[in-house]
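S.K.: All I have is the shape, not the residue letters:
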């Protein structure tokens with residue numbers, strides 16, 4: 001918001017004079033979407049304001065609490081938005097567009113039937129990153145490369161973790177781009193000067209054959225790139241890791257979540273602490289760095305179990321770790337459990353930085369938010385202020401551009417001298 005204040009949004013709309021203003025709605029930005037919608041309608045009431053994304057797909061009624069929202073797109077939007085554009089201005093035509101809810105001139109909300117998911121993802125062209133001011137986007141400090149781009153080779157996730165909303169948006173589907181389509185996007189990005197990539201698939205290695213095919217293609221083409229990905233510890237093996245490393249993979253992020261088997265079972269992770277430990281060790285043995293993410297304060301989690309999670313993070317050999325306080329996403333099974341085994345504190349004493357649209361923060365029964373904040377803060381200190389981790393960060397500076405390296409130094413100093421403050425509620429990364 002500091003880089004792009006609402007005053008600039010207003011000027012942009014006045015200068016560009018669009019027919020449509022579209023926004024992707026998450027739980028983290030619904031209020032900002034409403035604010036932009038209000039600015040849009042104040043500037044020109046004839047502009048159509050459209051929302052899409054997971055938040056309105058899960059809670060479509062919520063969007064129309066704002067009087068300035070005209071239409072919402074449910075689930076996968078590429079085909080739907082094309083059909084919407086062709087029908088705009090004709091309410092009867094809009095009634096035949098699947099996958100939308102829209103508001104009529106009289107104020108009534110029309111709820112159309114859902115649209116199916118697209119089987120062939122290759123019909124969608126690569127994102128037009130040349131239309132974005134990419135210099136305003138920065139990756140995390142440990143991500144290598146001067147110019148970093150994100151790619152998706154798949155959509156969906158075949159697993160059933162209770163805290164994730166992906167299945168609410170895409171169901172149980174798991175679809176993927178062809179090798180030809182992935183390399184078209186990859187090579188276009190390389191021509192634009194990108195040499196470092198983050199594959200943002202939920203589970204990049206869920207289909208082993210696809211990853212093998214991708215790595216073989218990188219090696220056959222002699223592409224000199226570095227890349228990272230997200231996956232699970234039960235979706236890797238030694239031979240696959242060897243090939244990924246050879247093809248340029250330098251970092252894998254694992255969602256390890258907890259250091260206690262009962263907690264992992266409660267969130268339907270279908271993994272054990274031993275699985276995670278062995279997967280991390282295997283990855284490290286093949287020369288690939290590891291990031292682990294955890295969730296402190298899960299339903300029915302005791303103080304002792306929180307300590308086990310922190311100890312696991314330190315003992316497992318991970319190079320980077322994050323220790324957010326659990327914030328249940330509305331619509332998920334974890335959200336249901338949160339109401340059974342805790343309460344939402346809306347006193348205003350705590351700030352929810354992860355789910356910034358929610359004034360309330362979740363507190364498990366028998367725990368306090370203060371305790372969880374302190375645990376999260378101490379977990380970061382205990383993990384990162386160790387000789388091996390500090391040395392690892394120093395080595396990693398070699399791969400970073402000067403500007404990002406300086407931001408890293410400043411962030412480290414700021415964090416060090418704030419050790420007498422507790423971590424903000426919901427702070428995730």
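M.R.: Structure received. From a predicted model like this one, the values you see are computed outputs, not experimental measurements. Numbering: from 1, shown residues only.

S.K.: Tell me where the stretch 201-350 of the chain has strands.
M.R.: 226-231, 249-257, 289-294, 320-322, 342-345 (DSSP state E, counting those that start in this stretch).

S.K.: and for the fourth one, what are the contacting residues?
M.R.: So that's strand 320-322. 142, 289, 290, 291, 292, 293, 294, 313, 379, 383, 428, 429 (C-beta atoms under 8 Å, 6 or more residues apart in numbering). Quick note: C-beta positions are derived from backbone N, CA and C, even for glycine.

S.K.: contacting residues around the fifth one?
M.R.: Just to be clear, that refers to residue 292. Counting by C-beta under 8 Å, 6+ apart, the residues that residue 292 touches are 253, 254, 256, 276, 280, 313, 316, 318, 320, 321, 322.

S.K.: related to what we said a few turns ago, quick one, which of the strands of the stretch 201-350 of the chain is nearest to residue 152?
M.R.: Closest of those to residue 152 is strand 226-231, at 10.9 Å (criterion: C-beta to C-beta).

S.K.: What helices and strands are in contact with the closest one?
M.R.: Packing contacts for strand 226-231, counted by 3 or more C-beta pairs under 8 Å, 6 or more residues apart in numbering; DSSP states H and E, involve strand 196-199, strand 249-257.

S.K.: Give me whichever of these is most buried.
M.R.: Highest mean neighbour count of those: strand 249-257, a mean of 23 (counted as mean count of other C-beta atoms under 10 Å).

S.K.: so how far is it from its chain's centroid?
M.R.: Strand 249-257 has its C-alpha centroid displaced from the chain centroid by 14 Å (C-alpha atoms, centre = their mean, to the nearest Å).

S.K.: now the helix or strand that residue 394 is a member of against strand 249-257, angle please.
M.R.: Per DSSP states H and E: residue 394 is located in helix 387-396. Relative orientation of helix 387-396 versus strand 249-257 (axes from the mean of the first three to the mean of the last three C-alpha atoms, to 10 degrees): 140 degrees.

S.K.: List the buried residues in helix 387-396.
M.R.: For helix 387-396, the neighbour count (16 or more other C-beta atoms under 10 Å) marks 389, 393, 396 as buried.

S.K.: Name the nearest residue to residue 383, ignoring sequence neighbours.
M.R.: residue 321 (5.2 Å; C-beta to C-beta, 6 or more residues apart in numbering).

S.K.: What is the burial count for that neighbour?
M.R.: By other C-beta atoms under 10 Å, 21 other residues sit near residue 321.

S.K.: Residue 179: what's its closest spatial neighbour, skipping adjacent residues?
M.R.: Residue 179 sits nearest to residue 213 (C-beta to C-beta, 6+ apart), 5.3 Å away.

S.K.: how much space between that neighbour and residue 219?
M.R.: Going from residue 213 to residue 219 by C-beta to C-beta, to the nearest Å gives 11 Å.

S.K.: before we move on, the earlier item: mean pLDDT added to the strands of the stretch 201-350 of the chain, as JSON lines?
M.R.: Below are the strands of the stretch 201-350 of the chain laid out as JSON lines (pLDDT from 0 to 100):
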{"stretch": "strand 226-231", "mean pLDDT": "98"}
{"stretch": "strand 249-257", "mean pLDDT": "98"}
{"stretch": "strand 289-294", "mean pLDDT": "98"}
{"stretch": "strand 320-322", "mean pLDDT": "95"}
{"stretch": "strand 342-345", "mean pLDDT": "92"}
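
S.K.: now the ones you listed in TSV, with distance to residue 121?
M.R.: Shown next, in TSV, are the strands of the stretch 201-350 of the chain (distance: least, C-beta to C-beta, whole Å):
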stretch	distance to residue 121
strand 226-231	18
strand 249-257	22
strand 289-294	26
strand 320-322	30
strand 342-345	38
